[in-house]
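K.L.:
heads up, no residue letters with this:
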């Protein structure tokens, strides 16, 4: 069983899957958003297909730490998703993940078009890696 990370945007949802050991995160195909019902159904199907035990969603907290409109939209999305799936949903501060993802993809010399197609999934990978690192730290401190 593994964790699934989502970078929820207005046009696309970046998706990443972790391995059961919580060591690696792998990008999955990005979900092109159509409508809320279809988006939730695609995520529910991924949770079932990959035997996901946790879903991790990037929380778009403003740089000053406040919660603005984007965070309120994610709150509503999470509430809908939680009704559709039976696994816990965790939030991870996603400040700067898209910027980090873009910077890494530029450094990898990807064209603008390829970056556009890849940035959401790569941001989801960064969100999942952050969650995995936090879980490792929690385990180390509890032993």
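P.N.:
Perfect, thanks for sending it. As the structure is a computational prediction, the values presented were derived from the model and not from experiment.
K.L.:
rest of the way, CA atoms for contacts and neighbours
P.N.:
OK.
K.L.:
List the residues that contact residue 19.
P.N.:
With contact taken as CA atoms under 8 Å, 6 or more residues apart in numbering, residue 19 is in contact with 1, 2, 3, 25.
K.L.:
Against residue 76, how distant is the first one?
P.N.:
Plainly put, residue 1 is 26 Å away from residue 76 if you go by CA to CA, to the nearest Å.
K.L.:
swap in the second one?
P.N.:
Residue 2 sits 24 Å away from residue 76, taking CA to CA as the criterion.
K.L.:
And for the last one?
P.N.:
Applying CA to CA, one obtains 26 Å for the distance of residue 25 from residue 76.
K.L.:
who has more neighbours, those two?
P.N.:
When residue 25 and residue 76 are compared for neighbours, residue 25 comes out ahead with 24 against 10, by other CA atoms under 10 Å.
K.L.:
so that one makes contact with residue 16?
P.N.:
Yes. Look at residue 25 against residue 16 with CA atoms under 8 Å: they come within range, at 6.2 Å.
K.L.:
The lengthiest helix in the chain - contacts with which helices or strands?
P.N.:
Counting residues, the longest helix in the chain under DSSP state H turns out to be helix 112-142. Packing partners of helix 112-142 (3 or more CA pairs under 8 Å, 6 or more residues apart in numbering; DSSP states H and E): strand 2-8, strand 12-18, strand 25-32, strand 52-59, strand 89-93, helix 97-107.
K.L.:
Turn those into CSV, columns for mean pLDDT.
P.N.:
Output for those, formatted as CSV (pLDDT from 0 to 100):
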stretch, mean pLDDT
strand 2-8, 95
strand 12-18, 95
strand 25-32, 95
strand 52-59, 95
strand 89-93, 92
helix 97-107, 61
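K.L.:
Among these, show me which one is buried the most.
P.N.:
Ranked by average neighbour count under the criterion mean count of other CA atoms under 10 Å, these are headed by strand 2-8 at a mean of 27.
K.L.:
got the contact list for residue 132?
P.N.:
22, 23 are the contacts of residue 132 under CA under 8 Å, 6+ apart.
K.L.:
and what of residue 41?
P.N.:
Neighbour list for residue 41: residue 84 [criterion: CA under 8 Å, 6+ apart].
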